[in-house]
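Trainee: Everything below, folded, please.
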Amino acid sequence: MGEDPINIRILVADDHETVRMGVRMALAREPQFQVCGEAANGREAIAKVKELHPDAIVLDVSMPLMNGLEAAREIRRVSPDAKIVMFSMYDSAQMMATAREAGADAFVLKSAPGQELVQTIRHLLADSHSNGAH
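Mentor: Residues are numbered from 1 along each chain as shown. Predicted coordinates for the structure are as follows:
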């Protein structure tokens, strides 16, 4: 019964508007993806998660007021089923490990092609739907 979700709701959190626009454009190529909101810092991201209940959050590591790692810990607490993709320019094994410890489901570099972010979100949500069948 190939039922794909019609709208996969995604929140984009990054302190740079240009990055948010680029992520929005990359995600807009996928008809099933809907950017349901944007946030410019970690605190705003948490508030938007509580308000909008997204399926996935693209979360920048370095943001003012509250960084992405701190925000991920709180998002994991308030929305345990949401998939968190940490989005960073820092390519290090330590950063990836720290992101996982904070509750991130995946880590994508900002330097990666937009299609990598799309595939990561698609993969995470496909996994969550298949795991829910157990």
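Trainee: quick check, I57 in a strand?
Mentor: Yes. The assignment for I57, made by DSSP: H, G, I helix; E, B strand; the rest coil, places it in a strand.
Trainee: For it, give the beta-bridge partners.
Mentor: Beta-bridge partners recorded for I57 (DSSP bridges): L11, I84.
Trainee: quick one: it from V12, how far?
Mentor: Between I57 and V12 the computed distance is 8 Å (C-beta to C-beta, to the nearest Å). The C-beta positions use only the backbone N, C-alpha and C, and glycine is treated the same way.
Trainee: Looking at the two, which is more packed in?
Mentor: For I57 versus V12, the count of surrounding residues by other C-beta atoms under 10 Å is larger for I57: 31 against 28.
Trainee: so how far is A93 from that one?
Mentor: 23 Å.
Trainee: and if you look at D15?
Mentor: Using C-beta to C-beta, one obtains 24 Å as the distance from D15 to A93.
Trainee: now do H53
Mentor: H53 is 32 Å from A93, where distance means C-beta to C-beta.
Trainee: so what does the longest helix belonging to the chain touch, helix or strand wise?
Mentor: As assigned by DSSP state H, the longest helix anywhere in the chain is helix 114-131. Under the contact criterion of 3 or more C-beta pairs under 8 Å, 6 or more residues apart in numbering; DSSP states H and E, helix 114-131 touches strand 8-13, helix 17-28, strand 56-60, strand 83-88, strand 106-109.
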